[in-house]
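> Build me a structure from this.
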Amino acid sequence: MSDPVTDLHDQFAGTQDVLAQHTFDIDRLQGYMEQHVGGFSGSIKLSQFKGGQSNPTYRIDAGGQSYVLRRKPPGVLLPSAHAVDREYRVITALADTDVPTPKTYCLCEDVEVIGTAFYIMEMVQGRILWEATLPDMSREERGQIYSSMNAAMAALHKVDYEAIGLGDFGKVGEYRERQIHRWSKTYKISETQSIPEMDRLIEWLPQNIPPGDETTLIHGDFRMDNMVFHPTEPRVIALLDWELATLGHPVGDFTYTMMGWRLGRDLFRGIADADIAALGIPSEAEYIAQYCAATGRDGIDNLEWYLAYNMFRLAAILQGIAKRAEDGTAASPHAVEQGRRAKPLAEAAWKQVEGLVG
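Residues are numbered from 1 along each chain as shown. Model (predicted):
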């Protein structure tokens with residue numbers, strides 16, 4: 001019987017040969033980097049990261065240096081999706097804050113270079129952790145990993161986004177309303193099968209938005225495998241995959257991460273089916289308390305609504321992956337498997353709602 005942890009690592013960790021649908025003229029990239037990347041030298045050796053379902057991501061090795069290139073995928077794309085220009089802008093703006101981010105080099109919106117827009121950033125040397133139970137670590141290290149993740153999110157939500165030039169990075173207010181509308185629309189455009197629970201969520205969620213509104217800079221896809229950890233120390237050194245970053249409600253962002261405590265390993269690489277006390281991983285209440293202490297909150301109200309909302313949102317994202325897999329434009333060969341999780345996630349979201357309404 002195969003080891004599921006090993007399977008997960010093998011599926012998503014490291015690099016592979018560039019997929020046929022994501023190839024481009026390396027010589028054109030070579031010329032571009034020679035002109036636009038300071039200190040660049042040598043001949044490009046290109047490979048593609050296995051992880052990532054949305055924007056194809058490549059490793060560039062040249063002249064003893066390593067870089068990362070993220071690009072829009074080729075083909076017909078959903079409106080406003082794959083916004084690598086926004087990723088580049090937010091990572092660059094956060095350079096002098098307490099939020100750990102890679103150094104950026106350049107953004108290229110000229111599609112004549114490699115076929116789609118792309119940006120280049122530093123290759124941060126460290127660990128990507130794909131298994132939320134952290135099986136190879138001690139109890140103490142696990143607790144420190146989760147605390148470091150929590151602190152990174154708190155640091156992001158405390159950034160003065162206007163002071164770093166991101167005052168126009170999104171609309172202020174009504175983030176939850178706009179997100180529900182956006183992902184409802186995205187789901188319908190990407191629909192490949194009937195999921196009754198999604199239809200119910202699309203109707204129920206906007207009618208039951210909790211009171212109170214806030215705006216901070218948010219990540220939008222904050223989870224363990226979207227960050228780089230120090231090679232040997234249990235701490236975050238870079239947050240990755242900023243495609244969904246915007247100005248929005250911090251509680252919506254934080255509770256996206258909290259889904260891990262309610263979902264099992266198969267749906268969200270979650271920890272609901274693990275003995276977290278024995279592992280040294282903080283409980284749901286402890287993790288919330290850490291975040292509240294760091295951000296000056298008294299607590300998280302309406303947690304169940306936010307969990308239903310985030311499960312719905314993730315189901316819509318996965319439905320988009322399923323559609324791209326069907327169309328042949330998905331970044332990962334595992335997109336079909338990822339897309340199949342849209343339905344059980346929608347069912348889990350509706351169970352949250354049923355718990356609220358009795």
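> hey, C-alpha coordinates of stretch 254-272 in CSV?
C-alpha atoms of stretch 254-272 as CSV (Å, rounded to 0.1, in the frame of the first residue of the first chain):
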residue,chain,number,x,y,z
PHE,A,254,-8.0,34.3,8.3
THR,A,255,-10.9,31.8,8.3
TYR,A,256,-9.8,30.5,4.9
THR,A,257,-6.9,29.0,6.8
MET,A,258,-9.2,27.8,9.6
MET,A,259,-10.9,25.4,7.1
GLY,A,260,-8.1,23.1,7.8
TRP,A,261,-9.4,22.3,11.3
ARG,A,262,-12.9,21.4,9.8
LEU,A,263,-11.8,19.4,6.7
GLY,A,264,-9.8,16.2,6.4
ARG,A,265,-6.6,15.6,4.5
ASP,A,266,-8.4,14.6,1.3
LEU,A,267,-10.3,17.9,0.9
PHE,A,268,-8.0,20.7,2.0
ARG,A,269,-4.9,18.9,3.1
GLY,A,270,-6.6,19.5,6.4
ILE,A,271,-6.1,18.2,10.0
ALA,A,272,-9.7,17.4,11.1
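> what separates that stretch from the chain centre, distance-wise?
Remark: stretch 254-272 is offset 14 Å from the chain centroid, using Cα atoms, centre = their mean, to the nearest Å.
> give me the number of residues near Gln125?
A count of nearby residues for Gln125, using other Cβ atoms under 10 Å, gives 11. Quick note: C-beta positions are derived from backbone N, CA and C, even for glycine.
> Contact partners for it?
Ser66, Pro231 (Cβ atoms under 8 Å, 6 or more residues apart in numbering).
> Quick test: name the residue nearest the centre of this protein.
Nearest to the geometric centre of the chain sits Asp221, at 3.1 Å (Cα atoms, centre = their mean).
> That residue sits in which helix or strand?
Using DSSP states H and E, Asp221 maps to neither a helix nor a strand.
> Please state the backbone phi and psi of it?
In terms of degrees, to the nearest 10, the main-chain angles of Asp221 are phi -150, psi 50.
> Enumerate every residue touching it.
The neighbours of Asp221, taking Cβ under 8 Å, 6+ apart as the test, are Asp241, Glu243, Leu244, Tyr256.
> Which of those residues fall in helices?
Among these, the members found in helices (DSSP state H) are Tyr256.
> Tell me the most packed of the contacts of Asp221, by neighbour count.
The member of these surrounded by the most neighbours (other Cβ under 10 Å) is Tyr256, with 25 neighbours in all.
> how about the nearest residue to that residue, chain neighbours excluded?
Closest residue to Tyr256 in three dimensions, ignoring its sequence neighbours and counting by Cβ to Cβ, 6 or more residues apart in numbering: Asn310, at 4.6 Å.
> Assign that neighbour to helix, strand or coil.
Three-state assignment for Asn310 (DSSP: H, G, I helix; E, B strand; the rest coil): helix.
> try Cys106
Cys106 - assigned by three-state DSSP - is strand.
> how about low-confidence regions in the stretch 201-350 of the chain?
Under the criterion pLDDT under 70, the flagged ranges of the stretch 201-350 of the chain are 326-327, 329-336, 339.
> returning to that earlier point: in this structure the residue nearest to Tyr256 contacts Val251, no?
No: if you go by Cβ atoms under 8 Å, Asn310 and Val251 don't touch, sitting 10.3 Å apart.
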